[in-house]
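[1] Got a sequence here, can you model it:
(4 chains)
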Protein chains: 2
Amino acid sequence: MNDWTLLRSFLAVLRRGSLSAAARETGLTQPTIGRHIDELEAGLGVALFTRSPNGLAPTETASALVVHAEAMEAAFAALKRAATWSGDVVQPRGTVRISASEVMGTFVLTPILADIAERHRDIILELALNNRTDDLLRRDADIAVRMTRPKQNGLVARRIGHVPLGLFAHRRYVAAAGLPADIEALRGHRIVGFDRDDHSARMVAQSVLPIKRDLFSFRVDSDVAQAMAVRAGLGIGMMQKSMAQADPDLVPVLADQVALQLECWLVVHEDQKDQSAIRAVFDGLAEGLGGWLETMASR
Amino acid sequence: MNDWTLLRSFLAVLRRGSLSAAARETGLTQPTIGRHIDELEAGLGVALFTRSPNGLAPTETASALVVHAEAMEAAFAALKRAATWSGDVVQPRGTVRISASEVMGTFVLTPILADIAERHRDIILELALNNRTDDLLRRDADIAVRMTRPKQNGLVARRIGHVPLGLFAHRRYVAAAGLPADIEALRGHRIVGFDRDDHSARMVAQSVLPIKRDLFSFRVDSDVAQAMAVRAGLGIGMMQKSMAQADPDLVPVLADQVALQLECWLVVHEDQKDQSAIRAVFDGLAEGLGGWLETMASR
DNA sequence: TTTCAATCATACGTTTTTGTATAGTCGCTG
DNA sequence: CAGCGACTATACAAAAACGTATGATTGAAA
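    Here you go, the predicted structure:
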């Protein structure tokens, strides 16, 4: 068993849930995908899917293997990106993939990246939005914007500045429920917070707030959705001040008692930091983010 | 360009240095490998090798891509291993790969692993000897024996105990060059140490010894070769006390002033620690290593 | 209940990929 | 300087992989 191609079909079936759908995704045909799965099961000596007329359901074994198949996929994508930097000429060019949180990527990075794209027309930019911290390790991205200091070896990190956070609520909510007098009084309010993904909670663990899941009466894992929920008057929630200030109907809550800020880090792989395309984007991000964070801090 | 198989040929050519040799390694033929390289170069749009009558030399680009291809390879190997744990039955079985340093793996682990293999006949053991610390991240191994506390997320680590180190020299060397009176006097002696790989230096950075490369008059990166050099009378070198005590001709040097010990950690992936095969090996290692470290400490 | 839109499985012809055989080039050695 | 051993490149045949077409089964909607 040593045919790497079979795993592409494996991933496709796992994601689409059927041979036919996987065939559509990969550009192959249903019999081919079926043969691939057969061959893979025979080669590994395990059952990967339970066949049924309405699709294929992955077995436990298949679920355990998916991380490795995805690692192969990520490595392949990284290889293709790295090939675009070839020669590393004076004029930087190629594809650079950036990983960031939803909020940072959507609201902060986009204008900065627009500027970088303007200055370096030969650089293609990719933006991966999620809150995982292992993007660089898996080479899922070339540059990461993170809110925690990276701990791994082999990474080069630069601290850019601080991002101020605060509690906010919509004017309408405040009119109906009032403002809490102190932190304890928050318990009587509707709080918007995370569902399962407690990355934001871990990040602010050093804070004065006792953040736990049962505190929240509205739960979503998407930071952007949390912000939208607050803007919709669903309750009090934590968000970046820059986002809140963009909406005149949002009022700060306990601003004097809850003043929180996250460190902002720019991270690259040690062995990639001298690629001209990556360096150009890194420097652009450092400059753009630095300026943006300064204007935020001075407000 | 999305044929994962081409990268296997790419790796083979890179390692063997010629199409023909790569063909022999992979079990394919020289024309096939040649076509694969052609196709890969065309697909990526870069030159990977400079052809010559006595082989293919990798370009700079090719060297930059090798890490990603190797990541794919490692992920594939990990997938195949993980498939052997299927079902996760009561009786643990499958292939478990352990990463350790040369010294630990060669001299300490082997008897312990023999014991584990005896108790679990359905477990196949693999032992990868190197001093890299990213084995687990790349999933190059399932369990790692390390001398430093792992810092990464997603890993579970257990501290097993301490490994005592010391300076030693061969009786013959001492007869010729004498024993140093204090640490400063080491400068007048022949010292056996690392060449380029300063992992051991970093590990003992907190020590009293000012370890730098120019201190050494004999340099090898292999810890085992260092120990052999000391046993051959080449000079004074640092080694595990357990190894030194196995040779009656070795005498401790500055034992009262240089007493060093490394922490010994057992590390496993969070999402794999409940696989019965891995758990069996992990527990066996913890028990065996723990006992061994205790007898070492009591000497 | 019947029909329809999915699905997976199988048979067969075609395309693509691979292997075999051979020619040609370079460097090394006697 | 000739011969040998290593390599790459090319031409053609064999084998493997793939796609098309079709049948069979299921589940949901009419």
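
[2] And chain A, split by domain according to the record?
    Following automatic domain parsing, one finds the domains of chain A at A:6-74, A:84-299.

[3] Can the last one be said to contact chain B?
    Read it as domain A:84-299. Yes. For domain A:84-299, a contact with chain B is found by Cβ under 8 Å from any Cβ of the partner chain, at A:84-88, A:133-134, A:137, A:139, A:151-154, A:271, A:275. Using the backbone N, CA and C atoms, a C-beta is placed for each residue, glycine as well.

[4] could you say what helices and strands the strand or helix carrying A:M296 packs with?
    Using DSSP states H and E, the secondary-structure element containing A:M296 is helix A:276-298. In this structure, helix A:276-298 packs against strand A:94-100, helix A:110-119, strand A:123-129, strand A:143-146, strand A:155-170, strand A:260-269, with contacts taken as 3 or more Cβ pairs under 8 Å, 6 or more residues apart in numbering or on different chains; DSSP states H and E.

[5] Show me which residues of that helix are buried.
    Burial within helix A:276-298, assessed by neighbour count using 16 or more other Cβ atoms under 10 Å in any protein chain shown, is assigned to A:276-282, A:284-285, A:288-289, A:292-293, A:296.

[6] Can you check the pLDDT for A:G178?
    For A:G178, the model assigns a pLDDT of 92.

[7] Give me the number of neighbouring residues for it.
    Applying other Cβ atoms under 10 Å in any protein chain shown, we find 12 other residues in the vicinity of A:G178.

[8] so how far is DNA strand D from it?
    Between A:G178 and DNA strand D the distance, using Cβ to the nearest atom of the strand, to the nearest Å, works out to 47 Å.

[9] So what's the predicted local confidence for A:D182?
    Here, the pLDDT recorded for A:D182 equals 89.

[10] so where's the stretch 151-299 of chain A uncertain?
    Low-confidence segments of the stretch 151-299 of chain A (pLDDT under 70): A:198-211, A:299.

[11] separation between A:V267 and A:R158?
    Taken as Cβ to Cβ, to the nearest Å, the spacing of A:V267 relative to A:R158 amounts to 8 Å.

[12] and those two? which has more neighbours close in?
    Taking other Cβ under 10 Å, A:V267 and A:R158 do not tie; A:V267 has more neighbours (23 against 14).

[13] Let's have the helices and strands packed on helix A:276-298 in TSV, adding distance to DNA strand C.
    Below are the helices and strands packed on helix A:276-298 laid out as TSV (distance: least, Cβ to the nearest atom of the strand, whole Å):
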stretch	distance to DNA strand C
strand A:94-100	25
helix A:110-119	35
strand A:123-129	27
strand A:143-146	34
strand A:155-170	37
strand A:260-269	32
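
[14] Go through these and name the closest to B:M104.
    For those, distance to B:M104 was read as Cβ to Cβ. The smallest value, 26.4 Å, belongs to strand A:155-170.

[15] tell me which residues of the closest one are tucked away?
    Buried residues in strand A:155-170, counting neighbours by 16+ other Cβ under 10 Å, are found at A:155, A:157, A:160-170.

[16] ok, of those residues, which one's closest to DNA strand D?
    Distance from DNA strand D was checked for each of the buried residues of strand A:155-170 by Cβ to the nearest atom of the strand. The minimum falls on A:L155, at 36.6 Å.

[17] Now for that closest one: which residues touch it?
    For A:L155, the contact set (Cβ atoms under 8 Å, 6 or more residues apart in numbering or on different chains) comprises A:136, A:267-270.

[18] Which of the residues you listed are buried? Put it as a PyMOL command.
    Taking 16+ other Cβ under 10 Å as the burial criterion, the selection of buried members of the contacts of A:L155 in PyMOL is written as:
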select buried, chain A and resi 136+267+268+269
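
[19] okay, the contacts of A:L155 in TSV with distance to A:M147 next?
    Output for the contacts of A:L155, formatted as TSV (distance: Cβ to Cβ, whole Å):
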residue	distance to A:M147
A:L136	14
A:V267	11
A:V268	16
A:H269	19
A:E270	21
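
[20] filter the contacts of A:L155 by proximity to DNA strand D?
    Among those, proximity to DNA strand D is found for none (Cβ under 7 Å from any atom of the strand).

[21] What is the nearest of the contacts of A:L155 to chain B?
    Each of the contacts of A:L155 was checked against chain B using Cβ to the nearest Cβ; the closest is A:H269, at 9.2 Å.

[22] Including distance to B:E118, could the domains of chain A go into CSV?
    As requested, those are arranged in CSV below (distance: least, Cβ to Cβ, whole Å):
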stretch, distance to B:E118
domain A:6-74, 25
domain A:84-299, 36
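
[23] Looking at those domains, which is nearest to B:M239?
    That would be domain A:84-299 among those, by Cβ to Cβ, at 24.9 Å.

[24] For the nearest residue to A:A157 once chain neighbours are set aside, give the beta-bridge partners.
    In space, and not counting its chain neighbours, A:A157 is closest to A:V267: 4.6 Å by Cβ to Cβ, 6 or more residues apart in numbering or on different chains. For A:V267, the beta-bridge partners are A:A144, A:A157 (DSSP bridges).

[25] A:V267: what's it in contact with?
    Taking Cβ under 8 Å, 6+ apart as the definition, contacts of A:V267 comprise A:136, A:143-146, A:150, A:155-158.

[26] Now name the helix or strand holding A:D38.
    Taking DSSP H and E as the criterion, the element that holds A:D38 is helix A:30-44.

[27] State the distance from the residue of the stretch 51-200 of chain A found nearest DNA strand D to DNA strand C.
    The nearest approach of the stretch 51-200 of chain A to DNA strand D comes at A:P53, 3.6 Å away (Cβ to the nearest atom of the strand). In this structure, A:P53 and DNA strand C are 5 Å apart, going by Cβ to the nearest atom of the strand.

[28] And that residue, how far from chain B?
    Here the criterion is Cβ to the nearest Cβ, to the nearest Å. By it, A:P53 lies 25 Å from chain B.

[29] what's the neighbour count on that residue?
    A total of 5 residues lie near A:P53 under the criterion other Cβ under 10 Å.

[30] do the same with the one 5 residues further on
    When neighbours are defined as other Cβ under 10 Å, A:P58 has 18 of them.

[31] And A:G45, by the same measure?
    The burial metric for A:G45, expressed as a neighbour count using other Cβ under 10 Å, is 10.

[32] which ones are touching the closest residue to A:T106 other than its chain neighbours?
    Closest residue to A:T106 apart from its sequence neighbours, by Cβ to Cβ, 6+ apart: A:V224 at 6.2 Å. A:V224 makes contacts with A:102-103, A:106, as judged by Cβ under 8 Å, 6+ apart.

[33] for A:W265, same thing?
    Going by Cβ under 8 Å, 6+ apart, A:W265 touches A:144-150, A:157-160.

[34] what does A:V268 give?
    Taking Cβ under 8 Å, 6+ apart as the definition of contact, the neighbours of A:V268 are A:136, A:142-144, A:155-156, A:278, A:282.

[35] hmm, try it at 10 Å
    The neighbourhood of A:V268, defined by Cβ atoms under 10 Å, 6 or more residues apart in numbering or on different chains, consists of A:96, A:136, A:141-144, A:155-158, A:274-275, A:278-279, A:281-282, A:285.

[36] how much space is there between it and A:A100?
    13 Å.

[37] any idea how far the residue nearest to A:I191 when sequence neighbours are not counted is from B:I33?
    The spatial neighbour of A:I191 that comes closest, neighbours along the chain excluded (Cβ to Cβ, 6+ apart), is A:F216 at 4.9 Å. Counting by Cβ to Cβ, the separation of A:F216 from B:I33 is 58 Å.

[38] ok, now A:G288?
    Summarising the geometry, the distance separating A:G288 from B:I33, computed by Cβ to Cβ, is 46 Å.

[39] Cool, thanks, signing off.
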